[in-house]
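In: kindly return the folded structure for what I paste below:
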Amino acid sequence: MKKILPAIFCVLLAVVLGVGLVKGRRQETDTLRIYCPAVTSETRGGDALTTVKVDWEEMRPKETETQVEEALRLLLGECETVGFRSAIPAGTKLLSSRLVGSTVQVDFSTPYRQLSGMDLTIADYCVALTLVQIPGVYTVRITVDGEELAYRDTNLFRAEDVLFTSEEDVARNLPVSLYFLGENGLTSEERMLTVYEGESSAGAVMEALQDGPVGEGLRPLLPEGFRVLSVKVENGVCFLNLPADIKQQLPETEEDQQLLVEGIERSLYSVRSIRQIQILIEGELQHSLGLVDVSELIKGK
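Out: Sure thing, here's the model as predicted:
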């Protein structure tokens, strides 16, 4: 029960203020969104959080730990973008940050203890929602002077704990593994996508595949011109509907076509709700795509 309280807390905060946490689209490749408290008297409906964008292009090639440290430096008050104000008390220092698996462990100095109630929740999620945009980071653990805060229900934060709401839509965060082409075939890239009400998880995955990889050393999985007519999930079945001219969009060799199909399959199956994939062309079920037999996909994972 305690694990879901932060999410409920944030949703209640959103409801009380009239809308929810700030709306955010899928992560851009050259910017990072730094989360901060909104000035409720100046934002539409009184959003609890807002974001400012910072140029992140030079940071992308750097190691994950370096990106984390830079993002934390900005969160602590060094961000000079207009509209930013830190949720973290003045005087707070970063004592340490380290990446353990997909979890970033952040330790702040004593002034962070000044926070409580909504202010603490806002600060915690400003840190977490900023850091999980960095590829490879899924979870953030926050301590103060090396100790967990006893009056906090959890010290471990994930983006999917937060329900984004507004007057217009509801958004959720979707952790996925997207597959692109690397030196030795398919290589996964861990990403966090934002999916809005009315959008499907599968649609978000295919859109991200079309956008291409974020990390260096990877090449797009989908060839130039590859189109998707529609993609939807019903009762665990993903229906991927492709255009009639798909053959002109496929790679030439059977090996490359196999990589394409397998990359799409693995990426879609990283969405836990998808148990089966059915490939359609103009709405008609297919047992092969180009030179590749896709009948096994119909049986599900």
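In: show me the shaky parts of the protein.
Out: Confidence mapping of the chain against pLDDT under 70 gives the ranges 1-29, 39-47, 160-171, 197-198, 296-301.
In: could you pull out the helices for it?
Out: With DSSP state H, the ranges of helices along the chain come out as 5-17, 64-73, 117-131, 201-211, 246-249, 254-269, 295-299.
In: list the buried residues for the longest one?
Out: By neighbour count, with 16 or more other Cβ atoms under 10 Å as the criterion, the buried positions of helix 254-269 are 256-269. C-betas here are computed from N, CA, C, even on glycine.
In: tell me what that helix is packed against?
Out: strand 170-182, strand 185-196, helix 201-211, strand 237-242, strand 276-281, strand 292-293 (3 or more Cβ pairs under 8 Å, 6 or more residues apart in numbering; DSSP states H and E).
In: the first one versus strand 185-196: what angle between them?
Out: Which is strand 170-182. 170 degrees (axes from the mean of the first three to the mean of the last three Cα atoms, to 10 degrees).
In: mind listing what's buried along strand 170-182?
Out: Using 16+ other Cβ under 10 Å as the test for burial, strand 170-182 gives 171-176, 178-181.
In: one more: the fourth one?
Out: Buried residues in strand 237-242, defined by neighbour count with 16+ other Cβ under 10 Å: 238-242.
In: distance from it to the middle of the chain?
Out: Taking Cα atoms, centre = their mean, to the nearest Å, the mean C-alpha location of strand 237-242 is offset from the chain mean by 22 Å.
In: so what strands line up beside that strand?
Out: strand 230-234 (antiparallel), strand 276-281 (parallel) (DSSP bridges).
In: including mean neighbour count and distance to residue 215, could these go into a markdown table?
Out: Output for the strands paired with strand 237-242, formatted as a markdown table (neighbours: other Cβ atoms under 10 Å; distance: least, Cβ to Cβ, whole Å):
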| stretch | mean neighbour count | distance to residue 215 |
| --- | --- | --- |
| strand 230-234 | 15 | 24 |
| strand 276-281 | 19 | 25 |
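In: take the helices and strands packed on helix 254-269 and lay them out in a markdown table including distance to residue 158.
Out: What follows is those, written out as a markdown table (distance: least, Cβ to Cβ, whole Å):
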| stretch | distance to residue 158 |
| --- | --- |
| strand 170-182 | 8 |
| strand 185-196 | 9 |
| helix 201-211 | 17 |
| strand 237-242 | 24 |
| strand 276-281 | 26 |
| strand 292-293 | 36 |
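In: give the contact list for the residue nearest to the spatial centre of the chain.
Out: Compute the mean C-alpha point of the chain, and by Cα atoms, centre = their mean the closest residue is residue 192, 1.6 Å away. Residues counted as contacts of residue 192 (Cβ atoms under 8 Å, 6 or more residues apart in numbering) are 27, 132-133, 138, 159, 173-176.
In: now do 10 Å
Out: Each residue near residue 192 by Cβ atoms under 10 Å, 6 or more residues apart in numbering is listed here: 26-27, 129, 132-135, 137-138, 158-160, 173-176.
In: doesn't residue 127 make contact with residue 49?
Out: No. Counting by Cβ atoms under 10 Å, residue 49 sits too far from residue 127 to count as a contact (11.5 Å).
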